[in-house]
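K.L.:
With the input below, show me the fold.
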Amino acid sequence: MLFELEATDPGSGARAGTLNLAHGPVPTPIFMPVGTQGTVKAVPNETLKNDIDAPIILGNTYHLYLRPGTDILEEAGGLHGFMNWDRNILTDSGGYQVYSISDQRKIKEEGVWFRSHIDGSKHLFSPESVMDFQRSIGADIIMAFDECTPYPCEFEYARKSMEMTHRWLDRCMLRLQETNVKYGYPQYFFPIVQGSVYPGLREQSASYIASKHAPGYAIGGLSVGEPHEDMYAMTELVTGFLPKDKPRYLMGVGTPANILESIALGIDMFDCVMPTRNARNGQVFTTEGILNIRNQRWERDFSPIDPLLSPEHSKAYLRHLLIAKEQQASAIASKQNLKFYLWLVREARKQILAGTFAAWKNTMIEIVSRRL
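P.N.:
Sure, this is the predicted structure:
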């Protein structure tokens, strides 16, 4: 059984469970660090395992297909062997990356033609080829190939895009039936709900995706610029249609407050580049609030970055490294931010198991949103 549901918070829709994957159990709710190109930026695997204790990370099909290429990954025994990572991996199918290079791609029924951001070469991503690429990468969880619509998006475009995403889903599933795993362990396939911010489309998409009886389900096309209220409304609507005994993954979300609010709506899995990207720019998430470590007020502050999670370095030291453009600034800030995100979902899990999540969440949102 892929997913064991262990508890539901009585004051909200929050759930605690366990994903049983080939490379170890994953307690939920879970945040998955983003390792786009076979590495989480500025964070060594040993740190991910020993300090952050991440049971699952992300890779990206688009980037790994272009470089190093699936032939090299196959020779290495898949991405696990290539990057020497013995825990779980989820691969995003590349739909979002194709969406983000809108000036270099053409979307057709057969798939998406695009030009590489590396050398300008022309490529086709189809539902079939993307499934083949994810077989070669060897992730524990693989995603359907979909079109991520922009925000704002006209209703008619969103409808046609959603319907094409559904047709692509059927082709993905057929391709998986025709092919086998390459490395001797199961790969679990998640379809993706689309429909922009239109309730009728989201309901239609969620119903169609749920009818496929997949191992798990994802909600895509959110956190692309829409108001948070719309994101929460669409998430709540969709979770009402998805099976309660399957994991739910809200893609690309988000801030600590976004995560807590979405856990309350019944989401189990999250990913976002924010912890590492913002770390490189000097924004540090802590158990006491948010630091802009560039601010001069921290120049002589020798208190720990985070007394609970990073007592070994001071705010003044991290600020010095960032201003001096030392690479260690990214390493220390990224480690802190990922430790914080994993700490946050683990604390949420404890509260769900204790039946006290709803009240805790309201207090915690104020703390994690506070600018220090």
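K.L.:
Just give the nearest non-adjacent residue to L58, would you?
P.N.:
The shortest distance from L58 to any non-neighbouring residue, by CB to CB, 6 or more residues apart in numbering, is to V34 (4.8 Å). For the C-beta atoms, the positions are set from N, CA and C on the backbone; glycine is no exception.
K.L.:
OK, contacts around that neighbour?
P.N.:
Taking CB atoms under 8 Å, 6 or more residues apart in numbering as the contact definition, V34 lies against 40, 57-58, 60, 271-273, 276.
K.L.:
is it possible to export these to a markdown table including neighbour count, secondary structure and distance to Y317?
P.N.:
Below are these laid out as a markdown table (neighbours: other CB atoms under 10 Å; DSSP: H, G, I helix; E, B strand; the rest coil; distance: CB to CB, whole Å):
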| residue | neighbour count | secondary structure | distance to Y317 |
| --- | --- | --- | --- |
| V40 | 26 | strand | 22 |
| I57 | 27 | strand | 28 |
| L58 | 21 | strand | 30 |
| N60 | 21 | strand | 33 |
| D271 | 23 | strand | 30 |
| C272 | 23 | coil | 27 |
| V273 | 14 | coil | 25 |
| T276 | 23 | helix | 20 |
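K.L.:
just curious, which of the residues you listed is nearest to W168?
P.N.:
Using CB to CB, N60 comes nearest to W168 of these, at 18.0 Å.
K.L.:
Beta-bridge partners for the closest one, please?
P.N.:
Beta-bridge pairing for N60 (DSSP bridges): D92.
K.L.:
what about the nearest residue to T91 once chain neighbours are set aside, how many residues close to it?
P.N.:
Nearest residue to T91 in three dimensions, chain neighbours excluded: A139, at 3.9 Å (CB to CB, 6+ apart). Using other CB atoms under 10 Å, A139 has 27 other residues around it.
K.L.:
Assign a three-state SS to A139, would you?
P.N.:
Following DSSP: H, G, I helix; E, B strand; the rest coil, A139 is assigned to coil.
K.L.:
cool, F241 as well?
P.N.:
Following three-state DSSP, the label given to F241 is coil.
K.L.:
so what's the closest residue to it other than its chain neighbours up against?
P.N.:
Leaving aside its chain neighbours, F241 sits nearest to A206 (3.7 Å; criterion: CB to CB, 6+ apart). A206 is in contact with 193, 195, 237-238, 240-242, counting by CB under 8 Å, 6+ apart.
K.L.:
Which strand or helix spans A206?
P.N.:
If you go by DSSP states H and E, A206 is part of helix 199-210.
K.L.:
C-alpha coordinates for that helix, CSV please?
P.N.:
C-alpha atoms of helix 199-210 as CSV (Å, rounded to 0.1, in the frame of the first residue of the first chain):
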residue,chain,number,x,y,z
PRO,A,199,-14.3,26.3,-10.2
GLY,A,200,-16.2,24.5,-12.9
LEU,A,201,-13.1,23.5,-14.7
ARG,A,202,-11.3,22.4,-11.5
GLU,A,203,-14.3,20.3,-10.5
GLN,A,204,-14.4,18.7,-14.0
SER,A,205,-10.6,18.0,-14.0
ALA,A,206,-10.6,16.7,-10.4
SER,A,207,-13.4,14.3,-11.2
TYR,A,208,-11.7,13.1,-14.4
ILE,A,209,-8.3,12.6,-12.7
ALA,A,210,-9.9,10.8,-9.7
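K.L.:
Check the offset of it from the chain's centre.
P.N.:
21 Å (CA atoms, centre = their mean, to the nearest Å).
K.L.:
Beyond it, next helix or strand please.
P.N.:
strand 217-219.
K.L.:
wait, is Q336 part of a helix?
P.N.:
Yes - Q336: assigned to a helix according to three-state DSSP.
K.L.:
hang on, it packs against S310?
P.N.:
Yes - counting by CB atoms under 8 Å, Q336 touches S310, with 4.7 Å between them.
K.L.:
Show the subsequent helix or strand relative to the worst-scoring helix or strand of the chain on mean pLDDT.
P.N.:
Across the helices and strands of the chain, the lowest-confidence element by mean pLDDT, DSSP states H and E is helix 95-100, at a mean of 70. Next along the chain after helix 95-100, taking DSSP H and E as the criterion, comes strand 105-108.
K.L.:
per-residue confidence averaged over that following strand?
P.N.:
Mean pLDDT, computed over strand 105-108, is 86.
K.L.:
Which stretches in the stretch 51-200 of the chain count as helices?
P.N.:
Counting by DSSP state H, counting those that start in this stretch, residue ranges of the helices within the stretch 51-200 of the chain are 61-66, 70-75, 79-83, 95-100, 127-137, 155-178, 199-210.
K.L.:
Looking at those, which is nearest to I290?
P.N.:
Taking CB to CB, helix 95-100 is the member of those nearest to I290, at 25.5 Å.
K.L.:
quick one: low-confidence parts of the stretch 1-150 of the chain?
P.N.:
Along the stretch 1-150 of the chain, the model assigns pLDDT under 70 to residues 98-103.
K.L.:
related to what we said a few turns ago, could the contacts of V34 go into JSON lines alongside distance to E299?
P.N.:
JSON lines is the format used below for the contacts of V34 (distance: CB to CB, whole Å):
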{"residue": "V40", "distance to E299": "29"}
{"residue": "I57", "distance to E299": "34"}
{"residue": "L58", "distance to E299": "36"}
{"residue": "N60", "distance to E299": "38"}
{"residue": "D271", "distance to E299": "34"}
{"residue": "C272", "distance to E299": "30"}
{"residue": "V273", "distance to E299": "28"}
{"residue": "T276", "distance to E299": "24"}
